[in-house]
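Sequence first, then the predicted structure, then my questions.
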Amino acid sequence: MLCESFTFRYPHVVLFLMSFAVASLLIPVLANAARRFGAVDRPHTYKTHKTPIPFVGGIGVFIAFALILLTSITIAFPIHSIQDFIDSHRDPNVRSFFGMIVGGFIVLVLGIVDDFRPINAMLKLAILVIACLILTQMGVKISIFGEYDWLNHAFTLFWISGVISALNSFDNTDGATGGVAFISLLATFAIAWGKSAEEAQPWLSFVAVTLAGALLGFLQSNFPPASVYLGDGGAFSLGFILGATSVFGQWSEHWYRAIVIPILLVGLPIYDIVICTAFRYVDKTVSSFYQAVVYCGRDHVAHRIMALGFSKVKAVMVMYLIQMILCASAVFLVQFDDSLSDVAFFSIVFVVAVAFFILTLILHRAPLKDNVGTDGSRPMLPLDDGARDA
């Protein structure tokens with residue numbers, strides 16, 4: 001009775017701890033199996049780790065997330081018959097959950113296959129479109145274009161593709177992607193908790209806290225020096241779920257504010273892919289925009305921070321701090337949305353933009369020494385291998 005009472009009074013704590021426990025137990029098992037079957041990232045060219053590292057961490061994160069989330073659904077909607085199962089799927093939030101899980105599974109498999117044998121860019125795009133269509137059919141889509149529903153679908157695909165691209169590109173340093181995503185999910189949970197019961201978004205908070213727990217379990221093996229990597233499958237599925245979560249959430253009644261908040265929540269990975277692409281083109285490291293997108297070298301935000309004299313661990317902590325500032329800004333803007341005038345809102349956004357402009361100037365001057373290698377063999381959307389610095 002005590003355990004049951006605790007579960008229902010503190011469901012978020014239970015979901016967090018359960019997903020953390022499953023990920024913590026499962027990832028080492030998957031890592032051992034990966035070493036046996038050769039599912040490892042081997043050192044080569046621009047990759048500086050010395051020994052093969054299993055890239056199955058993302059599989060463990062997704063399994064922990066999906067398993068605990070599905071368990072929470074069966075508790076909320078006890079299923080004793082086929083009719084109970086049908087009735088549970090009539091709830092829009094349950095449909096959204098299934099859309100995230102099914103779509104996330106599809107892109108997870110896509111990334112796992114791509115880890116072993118690079119997939120044609122058009123086929124990748126087609127599979128991603130299918131995953132996004134499943135998600136939108138389950139009710140998770142951008143809805144700022146009113147009756148022009150095709151635009152809602154198109155921008156949902158664009159946004160989720162962009163987040164996947166950003167996460168995959170950002171996955172270049174031990175502890176970076178998992179930690180930054182964890183911070184983003186904590187901020188999402190804080191927003192979903194709301195200022196009152198009426199403003200709370202319980203279903204969004206369940207997704208955020210469950211995935212956060214799984215990521216914390218993964219970070220035990222991924223924080224420098226990492227013994228397990230996310231892999232393309234993990235980066236793809238994590239990007240898909242983060243993108244879907246940002247669409248699923250209710251951020252503001254003002255459409256322009258509802259656009260800014262998700263960008264802040266996944267701000268650092270987006271910033272990383274934008275400035276890397278821009279620097280490569282401006283510095284004439286490459287000769288075309290396409291090459292700037294698919295270029296693989298040690299020139300990401302993490303590498304530039306380390307080039308300024310920071311150790312790997314300190315560089316990761318600096319990135320965590322930057323992401324915290326972005327997420328704190330997002331939480332503040334949502335919490336005071338009703339009382340903030342447009343002037344105040346855009347003033348805050350402007351201050352953040354100026355701060356990042358200054359950061360961009362500093363990072364551009366970083367003395368990169370071993371930024372090597374171009375690899376145009378694995379293009380998808382704006383995706384690159386991330387030039388891991390393990």
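Yep, it's here.

show me what contacts the spatially most central residue of the chain?
With distances taken as Cα atoms, centre = their mean, the residue of the chain nearest its centroid is G239 (3.7 Å). Neighbour list for G239: 107, 160, 163-168 [criterion: Cβ atoms under 8 Å, 6 or more residues apart in numbering]. C-beta here means a position set from N, CA and C on the backbone, and glycine is covered the same way.

Check which helix or strand it maps to.
Element membership for G239, per DSSP states H and E: helix 231-248.

Do you have the helices of the stretch 151-300 of the chain handy? List them.
With DSSP state H, counting those that start in this stretch as the criterion, the stretch 151-300 of the chain has helices at 176-193, 202-222, 231-248, 255-265, 267-282, 289-294.

Determine which stretch of these is the most buried.
Comparing those by mean neighbour count (mean count of other Cβ atoms under 10 Å), helix 231-248 comes out on top with a mean of 29.

How far does that helix sit from its chain's centre?
Here the centre of helix 231-248 is set off from its chain's centre by 5 Å, with Cα atoms, centre = their mean, to the nearest Å.

Ok, stretch 187-200 next?
When C-alpha coordinates are averaged (Cα atoms, centre = their mean), stretch 187-200 and its chain have centres 20 Å apart.

before we move on, what about stretch 183-194?
14 Å.

got the contact list for that stretch?
Residues contacting stretch 183-194 (Cβ under 8 Å, 6+ apart): 12, 200-202, 204-205, 208-209, 211-212, 215, 242, 245-246, 249, 251, 261, 265-266, 320, 323-324, 327-328, 330-331, 334-335.

quick one on the thing from earlier: which one of the helices of the stretch 151-300 of the chain lies nearest to L135?
Nearest of the helices of the stretch 151-300 of the chain to L135, taken as Cβ to Cβ: helix 231-248 at 5.7 Å.

picking that back up, I'd like the helices of the stretch 151-300 of the chain as JSON lines, with mean pLDDT and distance to G38 appended.
JSON lines is the format used below for those (pLDDT from 0 to 100; distance: least, Cβ to Cβ, whole Å):
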{"stretch": "helix 176-193", "mean pLDDT": "95", "distance to G38": "23"}
{"stretch": "helix 202-222", "mean pLDDT": "94", "distance to G38": "19"}
{"stretch": "helix 231-248", "mean pLDDT": "93", "distance to G38": "13"}
{"stretch": "helix 255-265", "mean pLDDT": "92", "distance to G38": "36"}
{"stretch": "helix 267-282", "mean pLDDT": "91", "distance to G38": "29"}
{"stretch": "helix 289-294", "mean pLDDT": "70", "distance to G38": "26"}
